[in-house]
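K.L.:
Below is the sequence, then the predicted model.
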Amino acid sequence: MDSNHYTGSAAEYAVAAFLISMGRQVWWPSVQQDSIDLLASRADGTFERLQVKKASWNSRTSANNTYLQIELRSSVSHTVRRKYSADAFDTVAAVSDDGRIWMIPLEQVLGETVITLEKRGPAHRRKRSPHTPDAWRVR
């Protein structure tokens, strides 16, 4: 099995544990071939469909900075990726190596392919981002 499956599964369990600690029930699909990794109950009796992503540090775009990022693309094959559709799921849950969790409503990042959650390095010209990762962080 590919090591990405292990890290992805660990991220799913981390999100499930967080949701359960908040008093929510969590379900996994019987087959992992869909964009929905978890289904979680809401207080109003409806369900939230979650896509869980393992955040990783990327320094490919800058020699001086590193970025904690998630990719918002699904794999069609080993070489082909596509953006998620508006009805694919409700929330992207991102998990970092140190256990931090972000819950990101899909409508806020729809059409994006990469989301930066944190930047480390010298402050150069800051590119304006419409995203507010601190508002998405739940743990």
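P.N.:
Perfect, thanks for sending it.
K.L.:
Show me the helices in the chain, by range?
P.N.:
Applying DSSP state H to the chain gives helices spanning 3-21, 106-109, 133-136.
K.L.:
Just put those helices in TSV and tack on distance to E48.
P.N.:
(C-beta placed from N, C-alpha, C; glycine too.) Below are the helices of the chain laid out as TSV (distance: least, CB to CB, whole Å):
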stretch	distance to E48
helix 3-21	9
helix 106-109	11
helix 133-136	14
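K.L.:
Redo these as a markdown table? Include mean neighbour count and mean pLDDT.
P.N.:
Below are the helices of the chain laid out as a markdown table (neighbours: other CB atoms under 10 Å; pLDDT from 0 to 100):
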| stretch | mean neighbour count | mean pLDDT |
| --- | --- | --- |
| helix 3-21 | 16 | 90 |
| helix 106-109 | 16 | 92 |
| helix 133-136 | 14 | 91 |
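K.L.:
List the residue ranges of this protein that fall below the pLDDT cut-off.
P.N.:
Scanning the chain for pLDDT under 70 picks out the ranges 1-4, 33, 60-63, 75-81, 123-129.
K.L.:
Kindly recompute the last result at 90.
P.N.:
Counting by pLDDT under 90, the ranges of the chain that qualify are 1-8, 29-35, 58-67, 72-85, 111, 113, 119-132, 139.
K.L.:
Okay, strands next: where are they in it?
P.N.:
Counting by DSSP state E, the chain has strands at residues 26-27, 38-41, 47-54, 56-58, 66-71, 73-75, 81-83, 91-95, 101-105, 114-120.
K.L.:
Please identify which of the ones you listed is closest to H131.
P.N.:
Nearest of the strands of the chain to H131, taken as CB to CB: strand 114-120 at 6.4 Å.
K.L.:
list the buried ones in that closest one?
P.N.:
Under the neighbour-count criterion of 16 or more other CB atoms under 10 Å, strand 114-120 has 115-119 buried.
K.L.:
re earlier: nearest to D87, out of the helices of the chain?
P.N.:
Comparing the helices of the chain by CB to CB, helix 106-109 comes nearest, at 9.1 Å.
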